[in-house]
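> Here you go, sequence then predicted model.
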Amino acid sequence: MKASELRAKDPVQLNKELDDLLKAQFSLRMQKGTQQLTNTSQQRKVRRDIARVRTLLAEKAAGK
């Protein structure tokens, strides 16, 4: 997911996106723990998307 796509969203939508990403991250962790995860690069992508969303939420809160 690109930052430009996220910038178009309002804080409510960003919070929903963050919740979805956190659930996806939990699911991937459980799959890894049970050795069902085949594509481990998904974890990195989800983690970085979470960071992007949190950064944008902080920017919007600061009024930028």
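Cool, the structure landed. Numbering: from 1, shown residues only.

> Please, which helix or strand holds the residue nearest the centre of the chain?
Geometric centre of the chain, nearest residue: Ile50, 2.8 Å, by CA atoms, centre = their mean. Using DSSP states H and E, Ile50 maps to helix 41-62.

> can you list contacts of that helix?
If you take CB atoms under 8 Å, 6 or more residues apart in numbering as the criterion, helix 41-62 is touched by 1, 3, 6-7, 11, 14-15, 17-18, 21-22, 24-25, 28-29, 32, 37. The C-beta positions use only the backbone N, C-alpha and C, and glycine is treated the same way.

> Narrow the residues you listed to just the buried residues.
Listed as buried from the contacts of helix 41-62 are 6, 14, 17-18, 21, 24-25, 28; burial here means 16 or more other CB atoms under 10 Å.

> quick one: the residue nearest to Val53 when sequence neighbours are not counted and Ala8, what's the gap?
Spatially, and ignoring its direct neighbours in sequence, Val53 is nearest to Leu18 (4.7 Å; CB to CB, 6 or more residues apart in numbering). Separation of Leu18 from Ala8 (CB to CB, to the nearest Å): 16 Å.

> Great, nothing more from me.
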